[in-house]
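Novice: I need the structure of the sequence given here:
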Amino acid sequence: TVYIFGGLVVSGTCPWGFWWGTVINVLMCWFLKLVACAIQQVCIGGLLGRSLWVRRTAGVHKVWIRCIEAELRKKGWTAGKVAILCGGPDWPTSVMAGVLGLSLWECELGTIPIIGFVLPCALTGSLYIRKGD
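Specialist: Reported below is the predicted structural model:
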């Protein structure tokens with residue numbers, strides 16, 4: 001929803017024109033996603049990860065989160081790890097990475113392919129305002 005709304009607002013009001021606004025929106029939404037994951041991992045998982053409330057809210061006691069944990073603990077980038085970082089539930093995945101003390105750099109690089117999801121969503125909002133052309 002945020003990506004679509006960004007496309008409606010940024011693309012339609014960009015002083016350099018629609019297409020530059022669309023490019024700016026896509027990059028801005030992608031950056032927003034990466035920053036959100038980093039903040040969740042470092043601030044919530046890393047700093048508050050010892051809190052029982054945070055751990056319970058992230059669901060660290062559930063079987064499916066334990067499966068995510070097992071994959072995230074693997075060294076390097078596996079297809080499963082990238083799929084979890086990009087397609088897994090945002091909040092529990094990022095917080096779990098912080099609780100586990102995983103490398104922020106490695107998690108952010110593994111999240112880069114999320115552009116494949118961000119791009120069509122951001123373009124949907126941008127192109128919606130051009131539907132009459």
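
Novice: now whatever helix or strand C29 lives in: average pLDDT?
Specialist: Using DSSP states H and E, C29 falls within helix 18-39. The average pLDDT within helix 18-39 is 95.

Novice: who does that helix touch, helix- and strand-wise?
Specialist: When contacts are defined as 3 or more C-beta pairs under 8 Å, 6 or more residues apart in numbering; DSSP states H and E, helix 18-39 packs onto helix 2-13, helix 90-99, helix 104-111, helix 115-128. For every residue, glycine as well, the C-beta is placed using N, CA and C.

Novice: which parts of it are buried?
Specialist: Across helix 18-39, burial judged by 16 or more other C-beta atoms under 10 Å covers 18, 21-26, 29-30, 33-34, 37-38.

Novice: which of the residues you listed lies closest to A83?
Specialist: Of all the buried residues of helix 18-39, A83 sits closest to C37, with 14.6 Å by C-beta to C-beta.

Novice: skipping its backbone neighbours, what lies nearest the closest one in space?
Specialist: Spatial nearest neighbour of C37, chain neighbours left out: S94 (4.7 Å); criterion: C-beta to C-beta, 6 or more residues apart in numbering.
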